[in-house]
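Trainee: here is my input; please provide its structure:
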Amino acid sequence: MNFTVWLIKRLAQAAVVLLIMSVIVFLGLHMIGNPADILLAPDATQVDRAELIERLGLDLPVWQQYWLFLKSALQGDLGNSFVYNTPAVTLILQRLPATLELAVLAMIFAVFIGIPLGLFAGLKPENPFAKLITTGSILGFSLPTFWVGLLLIMTFSVSLGLLPASGRGTTVRLFGVEWSFLTLDGLRHMLLPAINLAMFKVSLVVRLTNAGVREVKSLDYVRFARAKGLSPLRVVRRHILRNVMIPLVTVLGIEFGSTVAFAVVTESIFSWPGAGKLILDSINALDRPVVVAYLMVVVTLFVTINLIVDILYRVLDPRVRTEAAA
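Mentor: Sure, this is the predicted structure:
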């Protein structure tokens with residue numbers, strides 16, 4: 001199977017996944033409450049209630065509401081927010097860059113801290129520092145995100161006064177989008193929430209790298225490479241690390257998607273104005289178009305990441321290319 005045919009099949013599968021998820025999300029949200037109960041003032045009359053329900057299209061059967069949503073979605077319109085009276089996609093895209101830069105920084109921490117620590121722990125498992133790394137990774141799995149976030153604020157913001165506890169700080173507009181990472185003040189504001197997001201990811205990468213190195217270093221081809229007289233650094237770089245990275249690519253891709261999707265707790269603790277904070281406010285207000293649009297954007301992100309991971313697999317692992325060509 002050549003690459004073009006494979007790519008078309010993957011895109012078709014992605015379209016089916018998006019369609020199924022849209023049905024699940026749409027039907028699920030329409031079973032939870034009535035937005036009119038929240039949007040109307042306490043002294044609103046039944047006439048006001050009926051007019052609002054009709055204006056929002058909530059008086060139509062669910063299947064008809066979904067059909068209208070699907071037709072609009074195919075044209076790039078996921079509806080208007082009930083609360084802000086603004087296109088839901090516009091609201092999400094305005095907030096998404098803040099979440100993305102936080103997630104990217106968290107994953108950078110995970111990769112550049114987790115992989116070296118896991119590599120060291122796997123190569124020298126009896127070393128006291130390696131045992132400390134393993135113990136620390138277990139601790140990172142166990143600590144609740146909200147508790148770590150509050151502890152970071154109390155330590156570095158309240159007690160030491162080193163880093164700000166909330167907001168994005170000074171931003172710079174690039175390509176029509178406000179970014180925090182382009183200013184020193186913005187980076188200072190990003191540091192604590194990014195560390196909070198990265199704690200679990202670093203622990204996960206350490207554990208996976210450690211386990212992968214322990215498994216790979218005893219295989220025959222690694223022993224053969226050492227027997228040929230290759231330097232330890234080259235053996236690690238060419239034969240151990242490259243094979244360990246194959247499963248890590250998949251995990252890192254999925255974890256990046258989950259970091260974006262589930263940054264709600266961190267964004268709430270640090271008052272970070274990202275998409276996670278927006279979706280939390282929208283759920284509280286039963287703002288269905290925003291919730292549906294956010295979940296569809298997240299599903300699209302996961303599908304895209306999985307596609308990129310599959311492509312990287314073909315690049316990193318020759319066996320995948322051979323099987324695909326057969």
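Trainee: give the buried residues for the longest helix belonging to the chain.
Mentor: Ranked by residue count, the top helix of the chain under DSSP state H comes out as helix 88-123. Residues of helix 88-123 classed as buried by neighbour count (16 or more other Cβ atoms under 10 Å): 88-89, 91-92, 95-107, 109-111, 114-115, 117-123. For every residue, glycine as well, the C-beta is placed using N, CA and C.
Trainee: need the contact list for A211.
Mentor: Counting by Cβ atoms under 8 Å, 6 or more residues apart in numbering, A211 touches G122.
Trainee: can you check R188 too?
Mentor: So R188 contacts 163-164, 169 (Cβ under 8 Å, 6+ apart).
Trainee: could you do L204 as well?
Mentor: 110, 114, 141, 251, 255.
Trainee: at 10 Å instead, please
Mentor: By Cβ atoms under 10 Å, 6 or more residues apart in numbering, the residues touching L204 are 110, 114, 118, 137, 140-141, 248, 251-252, 255.
Trainee: out of those residues, list just those in strands.
Mentor: Among the contacts of L204, the subset assigned to strands under DSSP state E is empty.
Trainee: please report how far V222 lies from A121.
Mentor: 17 Å (Cβ to Cβ, to the nearest Å).
Trainee: now restrict the contacts of R188 to buried residues only.
Mentor: 163-164.
Trainee: among the contacts of R188, which are located in helices?
Mentor: Per DSSP H, those never map to helices.
Trainee: just the contacts of R188: which has the poorest pLDDT?
Mentor: On pLDDT alone, G169 ranks lowest of those, at 83.
Trainee: dihedrals phi and psi, it?
Mentor: Here is the backbone geometry of G169 (degrees, to the nearest 10): phi 70, psi -160.
Trainee: contacts only, for the closest residue to F256 other than its chain neighbours.
Mentor: Counting by Cβ to Cβ, 6 or more residues apart in numbering, the nearest residue to F256 once its immediate chain neighbours are dropped is M107, at 5.3 Å. By Cβ under 10 Å, 6+ apart, the contact set of M107 is 114, 194, 197-198, 201-202, 205, 252-253, 255-256, 259-260.
Trainee: neighbour-wise, which of these leads?
Mentor: L197 (30 neighbours; other Cβ atoms under 10 Å).
Trainee: quick one: that one is in a strand?
Mentor: No: counting by DSSP: H, G, I helix; E, B strand; the rest coil, L197 is not part of a strand but helix.
Trainee: what's near enough to touch it?
Mentor: Contacts of L197 (Cβ under 10 Å, 6+ apart): 99, 102-103, 105-107, 109-110, 145, 148-149, 259-260, 262-263, 265-267, 270, 272.
Trainee: show me the strands in this structure, by range?
Mentor: Using DSSP E, strands in the chain cover 172-174, 177-179.
Trainee: what's the last one in contact with?
Mentor: Applying Cβ under 10 Å, 6+ apart, the contact partners of strand 177-179 are 93-94, 96-98, 100-101, 168, 170-173, 186, 273.
Trainee: count the neighbours of the residue lying closest to G169 once chain neighbours are set aside for me.
Mentor: Excluding its sequence neighbours, the residue lying closest to G169 (Cβ to Cβ, 6+ apart) is H189, at 3.5 Å. H189 sits with 26 neighbouring residues when counted by other Cβ under 10 Å.
Trainee: separation between H189 and M154?
Mentor: 17 Å.
Trainee: swap in V213?
Mentor: From V213 to M154 the distance is 36 Å (Cβ to Cβ).
Trainee: so between the two, which is more surrounded?
Mentor: Counting neighbours by other Cβ under 10 Å for V213 and for M154 shows that V213 has the greater number, 24 against 12.
Trainee: and the nearest residue to the more buried one once chain neighbours are set aside, what is it in contact with?
Mentor: Using Cβ to Cβ, 6+ apart and skipping residues adjacent in sequence, the residue nearest V213 is G122, 2.7 Å away. Neighbour list for G122: 130, 133-134, 206, 208-217, 236, 240, 244 [criterion: Cβ under 10 Å, 6+ apart].
Trainee: let's see that with 6 Å instead.
Mentor: 210, 213-214 (Cβ atoms under 6 Å, 6 or more residues apart in numbering).
Trainee: could I get the residues you listed as TSV with pLDDT and distance to F82?
Mentor: Shown next, in TSV, are the contacts of G122 (pLDDT from 0 to 100; distance: Cβ to Cβ, whole Å):
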residue	pLDDT	distance to F82
N210	87	48
V213	83	52
R214	84	53
